[in-house]
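S.K.: everything below, folded, please.
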Amino acid sequence: MDRKKSFKVEEQEGLRIDRYLSEQMPELSRSYIQKIIKDGGVLLAGRPVKANYKVSIGEVVELELPPAVEPEVEPENLFLDILYEDADVIFVNKPKDMVVHPSAGHMTGTLVNGLLYHCRGQLSGINGVMRPGIVHRIDKDTTGVLIVCKNDRAHSAVAEQLKEHTITRRYRAVVWGNLKEDTGTVDAAIARHPVDRKRMSVVSQGGKRAVTHYRVLERFGRFTYIECRLETGRTHQIRVHMASIGHPLVGDEVYGRGKEPFSLQGQALHAMVLGIRHPSGGEYLEVEAPLPEYFMRLLERLRRECGK
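M.R.: Okay, here's the model as predicted:
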């Protein structure tokens, strides 16, 4: 894979260069891009720039990805529920309480630890040593299907589909309240919360456009079982969007209504379907993760309580 990239600025006048590059290359974390900038790997007219430089229309931004480095993360023989695997990609059904990639306080027991053992090091290196193979992620307490790439070519191809919003992503969730309509769309930009940096929030200005389509699957009076289809994929998108219209996810300790009666240990949210164009042949590949046991027990209880 060509590790040198160049982008001509056609929009986003005045955007910080680290944010501009993170939008051009969504497969890279913003912190990783900032590290590349700090190390002199981002150039304008042949000269290194700082992360707070603001781009102008017509400028050409050059970036050189550092060579992949052997991860310091230790491989671990963890159980992985693999839904599909070939030479390019793996679809994994992530359980509750599993962190996707190592970070401070979570250096072991992560999905990456298990993947390093399973793949014997055959994972893409684009996103740095702490996130080998990881193109996107889902929250620790969200279950469901996640795609991992085994090589840089596959990683770039899937990341481009993420950028173009052509990946199929359908989630199942249980929310508080009885939704008025059977279908609906939340089209509201999301940004980091101005005070609590661990939270995201809907904003009227700035932020990134976020679109969630939902439809009602079953009603339980005080609660509703829904399917959400992501048109975009922002951090905490479904959780933030549903809370913004007055229907937070049951069990959501960050955006929810406080204590719920089901002892769920996290939000009732499951990434059920993920579909991509395969990075080698281009054919459409869709993988489904069955509802986990905790989710099925929740639905059964709600049905009993409603006399269904």
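S.K.: ranges for the strands of the stretch 201-308 of the chain?
M.R.: Ranges of strands in the stretch 201-308 of the chain, per DSSP state E, counting those that start in this stretch, are 211-219, 223-230, 269-277, 284-288.
S.K.: ok, now which ones touch the closest residue to residue 130 other than its chain neighbours?
M.R.: Once flanking residues are discounted, residue 130 sits nearest to residue 102: 5.3 Å by C-beta to C-beta, 6 or more residues apart in numbering. All C-beta spots, glycine's among them, are computed from the backbone N, C-alpha and C. Residues near residue 102 by C-beta atoms under 8 Å, 6 or more residues apart in numbering: 73, 108, 110, 112-113, 130.
S.K.: let me see the backbone angles for residue 102.
M.R.: When read as degrees, to the nearest 10, the backbone of residue 102 gives phi -60, psi 150.
S.K.: out of the strands of the stretch 201-308 of the chain, the one nearest residue 192 is which?
M.R.: Taking C-beta to C-beta, strand 211-219 is the member of those nearest to residue 192, at 18.2 Å.
S.K.: give me the sheet partners of the closest one and which way each runs.
M.R.: In the sheet, strand 211-219 lines up against strand 183-187 (antiparallel), strand 223-230 (antiparallel) (DSSP bridges).
S.K.: which residues touch the shortest one?
M.R.: Going back to what we said before, that points to strand 183-187. Residues from elsewhere that reach strand 183-187 (C-beta under 8 Å, 6+ apart): 209-216, 241-242, 244-245.
S.K.: got the contact list for the next helix or strand after it?
M.R.: Counting by DSSP states H and E, the next helix or strand C-terminal to strand 183-187 is strand 190-192. The contact list for strand 190-192 (C-beta under 8 Å, 6+ apart) reads 199-203, 206-208, 210, 234-237, 240-241.
S.K.: filter the residues you listed to the buried ones?
M.R.: 200-202, 207-208, 210, 234, 236-237, 240-241 (16 or more other C-beta atoms under 10 Å).
S.K.: now, which of the residues you listed sits nearest residue 61?
M.R.: Of the buried ones among the contacts of strand 190-192, the one sitting nearest to residue 61 (C-beta to C-beta) turns out to be residue 208, at 19.2 Å.
S.K.: isn't that closest one up against residue 234?
M.R.: Yes. Counting by C-beta atoms under 8 Å, residue 234 is a contact partner of residue 208 at 5.7 Å.
S.K.: neighbours around the nearest residue in space to residue 132 that is not next to it in sequence, how many?
M.R.: Nearest non-adjacent residue to residue 132, counting by C-beta to C-beta, 6+ apart: residue 123, 3.9 Å away. Neighbour count of residue 123, defined by other C-beta atoms under 10 Å: 25.
S.K.: can you tell me the SS state at residue 123?
M.R.: Following DSSP: H, G, I helix; E, B strand; the rest coil, the label given to residue 123 is coil.
S.K.: measure it to residue 297 for me?
M.R.: Remark: distance between residue 123 and residue 297 (C-beta to C-beta, to the nearest Å) = 34 Å.
S.K.: check residue 95 too.
M.R.: 15 Å.
S.K.: repeat that for residue 136.
M.R.: Per C-beta to C-beta, residue 136 is found 28 Å from residue 297.
S.K.: more neighbours: which of the two?
M.R.: residue 136 (17 against 13).
S.K.: doesn't that one lie inside a strand?
M.R.: No. Applying three-state DSSP, one finds residue 136 to be coil, outside a strand.
S.K.: show me the contacts for it.
M.R.: Per C-beta under 8 Å, 6+ apart, neighbours of residue 136: 146-147, 162, 233.
S.K.: so for it, what pLDDT did the model give?
M.R.: Listed pLDDT for residue 136 reads 91.
S.K.: same check on residue 71?
M.R.: For residue 71, pLDDT reads 56.
S.K.: then residue 81?
M.R.: 97.
S.K.: got it, and residue 263?
M.R.: 84.
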